[in-house]
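A.B. asks: Take a look and give me a structure for this.
(one chain, ligands or ions: 2)
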Amino acid sequence: MTEAKKLFIKTYGCQMNVYDSERMAEAMGADGYTLTDVVEDADMVLLNTCHIREKASEKLFSDLGRLRPLKDAKPDLKIGVAGCVAQAEGAEIQRRMPLVDIVVGPQAYHRLPALARAKGPQVDTEFPAEDKFDHLPERKALRGPTAFLTVQEGCDKFCAFCVVPYTRGAEVSRPVDRILRETRDLVSRGVREVTLLGQNVNGYHGLGEGGSWTLGRLIRALGAVEGLERIRYMTSHPNDMDDDLIAAHGDVPQLMPYLHLPVQSGSDRILKAMNRKHTRDDYFRVIDRIRAVRPDILFSSDFIVGFPGESDADFADTLDLVRRVGFGQSYSFKYSARPGTPAAEKAPVPSEVADSRLQQLQALILEQQRAGQEAMVGREVTVLYEKPGRQPGQMVGKSDHLHAVHVNDATGKVGELAQVRVLASSANSLSAVRIS
Ligand code: 5AD
Ligand code: SF4
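C.D. replies: Ligands and ions are numbered 1, 2, ... in the order given. Predicted coordinates:
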């Protein structure tokens, strides 16, 4: 028997990439690779890149530079670049960094073992004609009682700043029966919570009984899966929050009261320039309709500051939107031009102006997050235990509202849903004691 080969994966960016890294680890596992956390031990190193944030390719090239001594010492070491930077830059990566053996785009991960076996440089950034979900592994490795489940990939929205429609391609939805089958399998193996993933997940339109299903309908079917206690989904576009999905927030008890619904800006002028195809009032209306059926829901959002043309008044509109909605949590980014996107052609806002706006927005977001956590103190909440805490007699998990909670509970078990009372709120988590 040959000795197991070792695979080291570095994942940058979003949950979709975390999920994809797991898929790649499983695909390579079938070829005899086991995961390692020690890069020096690896026979193969994969960098799973993200193109959304600033300076993605610079970071990649500097990480690749740092691998050079290892490659010199171990000429058989395979180095692969995956993810959205791989998709966007393709063979250019190997031209600049000949130590890279494999460049593989998100649509081609099922071909990774074959690419790793092949001799010489390999680039595979093809979009498949066949159904790419066919290649998802039958059984993925589990990490505790929560699991991500890809139901949709790609995006047709073409926001003016975003590379996703180019790197991830058009929207494709996974058929209903496969999602249900995988969910039942996950539940039979101890999973209690699934997060349905997709770049534009609420644009879901997978084939099911009687034709194409919406996400709301899929969530109702998942609500009927015995043993599945919690359902979440991300990331959504405000324009795809249809009546049925909104109603599901009111009448599917497993659907958790937390929704990531990016708005990007609070200014109508900037929303238009971003090609978001909705106004700030449209966003307020969607929020109001969801709150009408689920008053305790917490929202989170993404914001971009310093989009080309953003004036002080536009930015003031963003702060105003944040104050009006009141978010449980949010992510804010300084605009950074992505080559190939329409916004990249426009004159940027001065960097210092964007920096100062980012600071103001982040301060407001943090204030709301802290206040939201403080408001939980004294309340009884349900926590799904994900792992033991660092202190003895402590369990760690998430509340329905996605707050991280440390619970004093000497007999708690991973996978349990516990009723706890919140005692205190600290920077990023709540602490609590079990009551039943
Ligand atoms: N510049 C800054 N932030 C961006 N995002 C996407 N593209 C860019 C860009 N070019 C942010 C958006 C998106 C999140 C995942 O990343 O807010 O919702
Ligand atoms: Fe990008 Fe999201 Fe806009 Fe799609 S909806 S183009 S993924 S920002």
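A.B. asks: only C-alpha atoms for contact and neighbour calcs from this point on.
C.D. replies: Noted.
A.B. asks: So what's the residue count around residue 312?
C.D. replies: The local packing of residue 312 (other C-alpha atoms under 10 Å) involves 12 other residues.
A.B. asks: How much space separates it from residue 349?
C.D. replies: 11 Å (C-alpha to C-alpha, to the nearest Å).
A.B. asks: what does residue 408 give?
C.D. replies: On the measure of C-alpha to C-alpha, residue 408 and residue 349 end up 49 Å apart.
A.B. asks: Between these two, which is the more surrounded one?
C.D. replies: Neighbours per residue (other C-alpha under 10 Å) separate residue 408 from residue 349, with residue 408 holding more: 20 against 16.
A.B. asks: Specify the beta-bridge partners of that one.
C.D. replies: residue 394, residue 433 (DSSP bridges).
A.B. asks: May I have the phi/psi pair for the nearest residue in space to residue 346 that is not next to it in sequence?
C.D. replies: In space, and not counting its chain neighbours, residue 346 is closest to residue 308: 6.1 Å by C-alpha to C-alpha, 6 or more residues apart in numbering. The phi/psi pair for residue 308 (degrees, to the nearest 10) reads phi -50, psi 130.
A.B. asks: which stretches of this protein aren't confidently modelled?
C.D. replies: The chain contains residues with pLDDT under 70 at 1-3, 53-54, 127-141.
A.B. asks: Show me what from this protein comes close to ligand 1.
C.D. replies: Taking C-alpha under 6 Å from any ligand atom as the criterion, the neighbours of ligand 1 within the chain are 52-53, 161-162, 262, 264, 302-304, 333-338.
A.B. asks: So which of those residues belong to strands?
C.D. replies: Mapping the residues of the chain next to ligand 1 onto strands (DSSP state E) picks out 302-304, 333-334.
A.B. asks: got a markdown table for these, with neighbour count too?
C.D. replies: Shown next, in a markdown table, are these (neighbours: other C-alpha atoms under 10 Å):
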| residue | neighbour count |
| --- | --- |
| 302 | 15 |
| 303 | 20 |
| 304 | 22 |
| 333 | 19 |
| 334 | 19 |
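A.B. asks: List just the nearest of those residues to residue 219.
C.D. replies: For those, the minimum distance to residue 219 (C-alpha to C-alpha) is 23.7 Å, reached by residue 302.
A.B. asks: need the strands for the stretch 1-150 of the chain, in chain order.
C.D. replies: For the stretch 1-150 of the chain, the strands defined by DSSP state E, counting those that start in this stretch occupy 5-11, 33-35, 44-49, 78-82, 102-104, 122-124, 146-150.
A.B. asks: and the angle from the third one to strand 5-11?
C.D. replies: Right, the one you point to is strand 44-49. 20 degrees (axes from the mean of the first three to the mean of the last three C-alpha atoms, to 10 degrees).
A.B. asks: buried residues in strand 44-49?
C.D. replies: 44-49 (16 or more other C-alpha atoms under 10 Å).
A.B. asks: List just the nearest of the residues you listed to ligand 2.
C.D. replies: residue 49 (15.7 Å; C-alpha to the nearest ligand atom).
A.B. asks: who's in contact with that closest one?
C.D. replies: Contact partners of residue 49, counting by C-alpha atoms under 8 Å, 6 or more residues apart in numbering, are 11-13, 17, 56, 60, 81-86.
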